[in-house]
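Visitor: Let me see the structure of the following:
(one chain, ligands or ions: 2)
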Amino acid sequence: MPKHFRSLQEFTKKELLGLIDRAIELKKEKQAGRIHQQLMGKTIGLIFEKPSTRTRVSFEAAMYGLGGRVIFLSGRDTQLARSEPLKDMSRVMSRYVDGMVVRTFGQEVVEELAAFATVPVINALTDLHHPCQVLSDIMTVIEKKGPIEALHIAWVGDGNNMANSWIQAAGIIGFDLTLACPKGYEPDAEILAASRKMASKKIQLITDPAQAVTGADVVNVDVWASMGQEDEQEERLRIFSDYQLGRELLAKAPAECIVLHCLPAHRGEEITDEVLESAQCVAFDQAENKMHIHKAILERLIV
Ligand code: CP
Ligand code: NVA
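Guide: Ligands and ions are numbered 1, 2, ... in the order given. Here you go, the predicted structure:
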């Protein structure tokens, strides 16, 4: 059975922090000009059914940076768009490539591909999870603020895929996480319950964004309408209007707190241009770290 990366849940705290340590090391080595070749002769397939800038390019750059190759497949150009069964696609792809990186809608697509694959399947975002992103975000937090176990992380906005992966991370690693989400837009109830059960620190779900950011070391925001929810955009703009991270809300957090946004950002919606462009916001470091964390993941799973 190959080792997959369907969600953070399939890794231990030691493994997740080990991937981050390795990514930090790979980042330093790249900065020092070291050439890596550990994935020479290996090829991964990227199957993307939703748009992507960062995740696609950082996975491709990571694979090339380790001496490997990539084949990019847009979902609509494959036979998946014509209803070829996932179990067939998975077994066929497994004969050609050494790993699959998948961005899609339902988590069940990743699960089914993994169930039939003889090579690792990596989740590059589903409606339920965005695990590789949250791992690079935690790497960024550790670089900026030190061990995450001592920190208080706030999530403000939609209880979406990113929120779910943050909850899983809080359960596995053990750090304080407070999520402020409007009623009806809470994160996945099962993920929350399971993560709370294993958590050594508090995972709180509230509705008040000011309360969430008070005392926070890190404030985390994301779009109000995720990919696939475009037709809810107008309604969400109304419902989330009190959840915008602007100067006023951020002033309720300690001055040394950092702001995370996985990007792409909708300036003037979940975050103001002023906060996104401020020195407190580390969104572009997060984006860079995606490449380093993807190298660590690929090295661990593909070699
Ligand atoms: N953060 C992120 O996943 O960005 P992309 O949608 O551009 O890949
Ligand atoms: N929650 C967002 C994240 C984008 C990287 C979405 O799913 O569209």
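Visitor: how far away is the residue nearest the centre of the chain from ligand 1?
Guide: Nearest residue to the geometric centre of the chain (C-alpha atoms, centre = their mean): residue 133, 2.2 Å. Taking C-beta to the nearest ligand atom, to the nearest Å as the measure, residue 133 falls 5 Å from ligand 1. Every residue, glycine included, has its C-beta placed from N, CA and C.
Visitor: and the nearest residue to residue 172 once chain neighbours are set aside, what pLDDT?
Guide: Spatial nearest neighbour of residue 172, excluding adjacent residues (C-beta to C-beta, 6 or more residues apart in numbering): residue 13 at 5.3 Å. At residue 13, the model reports a pLDDT of 98.
Visitor: returning to what we had before: could you say which helix or strand contains the residue nearest to the centre of the chain?
Guide: Counting by DSSP states H and E, the element that carries residue 133 is helix 131-145.
Visitor: Send me the following helix or strand past that helix as PDB with only the CA atoms.
Guide: Using DSSP H and E, the helix or strand that follows helix 131-145 in sequence is strand 152-156. This file holds the C-alpha atoms of strand 152-156, laid out as PDB (Å, rounded to 0.1, in the frame of the first residue of the first chain):
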ATOM      1  CA  HIS A 152      -3.000  31.000  20.000                       C
ATOM      2  CA  ILE A 153      -4.300  30.800  16.400                       C
ATOM      3  CA  ALA A 154      -7.500  32.600  15.300                       C
ATOM      4  CA  TRP A 155      -9.600  31.700  12.300                       C
ATOM      5  CA  VAL A 156     -12.100  34.400  11.100                       C
END
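Visitor: Can you list the buried residues in stretch 113-123?
Guide: 113-114, 116-117, 119-123 (16 or more other C-beta atoms under 10 Å).
Visitor: which ones among those residues are found in helices?
Guide: Using DSSP state H, the subset of these located in helices is 113-114, 116.
Visitor: Closest to ligand 2 out of those residues?
Guide: Here the nearest of these to ligand 2, counting by C-beta to the nearest ligand atom, is residue 113; it sits at 18.6 Å.
Visitor: can you tell me which residues contact that closest one?
Guide: Contacts here follow C-beta atoms under 8 Å, 6 or more residues apart in numbering; on that basis residue 113 touches 86, 89-90, 100, 102, 121.
Visitor: repeat that for 6 Å
Guide: With contact set as C-beta atoms under 6 Å, 6 or more residues apart in numbering, residue 113 has these partners: 86, 90, 121.
Visitor: Any chance of CSV for these, columns distance to ligand 1 and pLDDT?
Guide: Formatted as CSV, the contacts of residue 113 follow (distance: C-beta to the nearest ligand atom, whole Å; pLDDT from 0 to 100):
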residue, distance to ligand 1, pLDDT
86, 22, 95
90, 22, 97
121, 17, 98
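Visitor: what's the closest of those residues to residue 20?
Guide: residue 121 (21.2 Å; C-beta to C-beta).
Visitor: who's that closest one bridged to?
Guide: residue 100 (DSSP bridges).
Visitor: Residue 100 is in contact with that one, correct?
Guide: Yes: counting by C-beta atoms under 6 Å, residue 121 touches residue 100, with 5.0 Å between them.
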